[in-house]
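turn this into a structure:
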Amino acid sequence: MYIYIFETLLYLSYAFTGGYLLLQFVPESAKPQIKVPFNLFHYSLLAIPLFSFMTILRMVFILRDFAESMPFHEVLLIVLTDYDFGNAWIWNLILCTVMFIISQLANMQNKYVKWALAIAWCCSVLAHGWASHPAAFASWGFLAQSIHVAAVSIWLGVLIIAAWFTRGSWRWKAFVKWFTPLAIGSMLLIVAAGIGMMVILVDGYLNSWGIRYGEALLLKHLVFIPLLLLAFMNGFLTRRSDQGRNEQTLQWWLRAETVLALAILILTAYMGMQEPPHEGEFSPPSPSPLFTYLHGQAAELSLEWHWSLSSISLMLLGILTLGLLPACYAKGKKLLFMFLAAVTVAFPFFGLLLAVH
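Purely as a prediction, here's the structure:
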């Protein structure tokens with residue numbers, strides 16, 4: 001359980017540092033009055049190698065089960081020197097340490113310092129992509145993972161900082177003028193890179209729903225739907241209606257958007273610790289406990305559509321609640337919106353799982 005928490009915190013660290021660095025390039029007149037504790041940026045830089053080291057430790061403990069006679073430090077050295085994710089962690093440690101020292105000693109307002117930190121951050125993301133699942137299965141997999149992490153981090157990082165650390169005027173019109181195109185571009189990159197990683201990792205999207213990895217992937221895709229809808233309403237509807245004048249309400253909706261994004265990060269962290277359904281690389285996957293509970297024990301996971309009244313009903317209810325979300329947003333029904341968003345995800349999730357056998 002702890003590894004999922006650390007992986008989620010790792011993604012949050014990338015998001016916060018990426019968003020913070022991007023905002024350094026934005027003029028004060030084009031962004032909200034943000035007050036971020038400067039040390040929080042430093043802690044987030046150090047958190048990247050700290051939280052990613054948990055994956056190293058996990059592998060060390062796994063290997064020690066097969067080589068109990070070897071000392072812990074020797075197994076650790078093997079992981080760091082002989083495995084790609086071990087090499088990537090060393091590079092990340094170096095890069096994040098350099099970024100920490102530069103940000104401590106140099107003036108962050110200096111354009112050369114900002115560019116040096118931004119380039120080092122991009123190199124850190126590439127190192128993370130080098131150590132990922134897609135990189136292990138395809139030569140271009142590390143690029144897809146890196147683009148995915150970078151796009152999520154930049155979009156979500158700015159969103160988190162704006163939603164949780166704004167302590168003055170929002171300057172909403174000027175902010176959304178550049179943030180909305182940035183968010184759209186990031187979403188397009190996220191989708192494109194995500195499809196690329198699916199091509200690499202998932203042999204049969206439908207068949208993957210019978211195992212933990214595929215179920216988490218399906219749930220992640222479903223959470224993405226209300227997140228996109230809320231992002232659209234926050235970006236376009238507020239700009240066309242009140243130009244962000246109702247700042248307290250606006251901030252609540254932006255924070256709700258970060259909560260939905262956090263759910264996706266948690267699912268991504270969970271998937272990162274599961275065996276992907278990649279043909280020929282591992283033994284045939286066994287059905288997940290949830291799939292076994294819904295359908296009983298299956299001899300093999302070759303799934304086909306078998307719609308039933310219950311699965312169709314759940315899907316229709318999910319579509320209905322999705323259609324009610326804009327009305328909840330317009331009328332300021334905040335808690336009802338979050339409840340219906342959860343229903344919009346949960347009902348189709350179980351409906352789709354019930355519809356395959």
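
can you give me the helices in the stretch 151-300 of the chain?
Ranges of helices in the stretch 151-300 of the chain, per DSSP state H, counting those that start in this stretch, are 172-201, 212-232, 238-241, 247-272, 289-295.

of those, which is nearest Met59?
Met59 lies closest to helix 247-272 among the helices of the stretch 151-300 of the chain, at 12.9 Å (CB to CB). In this view, the C-beta of every residue, glycine as well, is placed from N, C-alpha and C.

from the chain's centroid, how far away is the closest one?
For helix 247-272, the separation from the chain centroid amounts to 10 Å (computed by CA atoms, centre = their mean, to the nearest Å).

circling back: could you dump the helices of the stretch 151-300 of the chain to a markdown table with mean neighbour count and distance to Trp130?
Listed next are those as a markdown table, based on neighbours: other CB atoms under 10 Å; distance: least, CB to CB, whole Å:
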| stretch | mean neighbour count | distance to Trp130 |
| --- | --- | --- |
| helix 172-201 | 17 | 14 |
| helix 212-232 | 20 | 21 |
| helix 238-241 | 14 | 39 |
| helix 247-272 | 18 | 14 |
| helix 289-295 | 14 | 32 |
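
and those, which one's lowest on average pLDDT?
Ranked by mean pLDDT, the helices of the stretch 151-300 of the chain end with helix 238-241 at the bottom, a mean of 56.

roughly how far apart are the residue lying farthest from the centre of the chain and Val75?
Among residues of the chain, the one most distant from the C-alpha centroid is Ser69; the distance is 38.5 Å, by CA atoms, centre = their mean. Counting by CB to CB, to the nearest Å, the gap from Ser69 to Val75 is 10 Å.

now do Thr97
From Thr97 across to Val75, the span is 24 Å (CB to CB).

look at these two and report which has more neighbours.
Counted by other CB atoms under 10 Å, Thr97 and Val75 do not tie: Val75 has more neighbours, with 19 against 13.

just checking, the more buried one touches Arg58?
No: assessed by CB atoms under 8 Å, Val75 is found out of contact with Arg58, at 12.0 Å.

any idea which helix or strand in the chain has the lowest mean pLDDT?
Across the helices and strands of the chain, mean pLDDT, DSSP states H and E gives its lowest value to helix 238-241, namely a mean of 56.

tell me where the model's unsure across the stretch 1-150 of the chain.
Scanning the stretch 1-150 of the chain for pLDDT under 70 picks out 1, 68.

run through the residues that contact Met187.
Counting by CB atoms under 8 Å, 6 or more residues apart in numbering, Met187 touches Ala151, Trp155, Leu228, Ala231.

check Leu117 too.
Leu117 touches Leu21, Met99, Ile102, Ser103, Met108, counting by CB under 8 Å, 6+ apart.

looking at those residues, spot the one nearest Ser52.
Met99 (14.5 Å).

pretty sure that closest one sits in a helix.
Yes: assessed by DSSP: H, G, I helix; E, B strand; the rest coil, Met99 belongs to a helix.

ok, back up a step: which among the contacts of Leu117 end up buried?
Among those, those buried by neighbour count (16 or more other CB atoms under 10 Å) are Leu21, Met99, Ser103.

with adjacent residues omitted, what lies nearest to the residue positioned nearest the centre of the chain?
The residue lying closest to the centre of the chain (CA atoms, centre = their mean) is Leu265, at 3.5 Å. Nearest non-adjacent residue to Leu265, counting by CB to CB, 6 or more residues apart in numbering: Tyr11, 4.7 Å away.

residues contacting that neighbour?
Per CB under 8 Å, 6+ apart, neighbours of Tyr11: Val149, Val152, Ser153, Leu265, Thr268, Ala269.

where's it, which helix or strand?
Assigned by DSSP states H and E, Tyr11 belongs to helix 2-24.

okay, stretch 36-51 in PDB with CA atoms only?
Written as PDB, here are the backbone C-alpha positions of stretch 36-51 (Å, rounded to 0.1, in the frame of the first residue of the first chain):
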ATOM      1  CA  VAL A  36       3.700  29.900  -2.500                       C
ATOM      2  CA  PRO A  37       6.100  29.200   0.400                       C
ATOM      3  CA  PHE A  38       9.400  29.200  -1.400                       C
ATOM      4  CA  ASN A  39      10.700  26.300   0.700                       C
ATOM      5  CA  LEU A  40       7.900  24.200  -0.700                       C
ATOM      6  CA  PHE A  41       9.500  24.300  -4.100                       C
ATOM      7  CA  HIS A  42      12.800  23.200  -2.600                       C
ATOM      8  CA  TYR A  43      11.100  20.300  -0.700                       C
ATOM      9  CA  SER A  44       9.400  19.200  -3.900                       C
ATOM     10  CA  LEU A  45      12.700  19.100  -5.800                       C
ATOM     11  CA  LEU A  46      14.200  16.800  -3.100                       C
ATOM     12  CA  ALA A  47      11.000  14.800  -3.000                       C
ATOM     13  CA  ILE A  48      11.500  13.500  -6.500                       C
ATOM     14  CA  PRO A  49      14.600  11.300  -5.800                       C
ATOM     15  CA  LEU A  50      13.200  10.500  -2.300                       C
ATOM     16  CA  PHE A  51       9.900   9.100  -3.500                       C
END
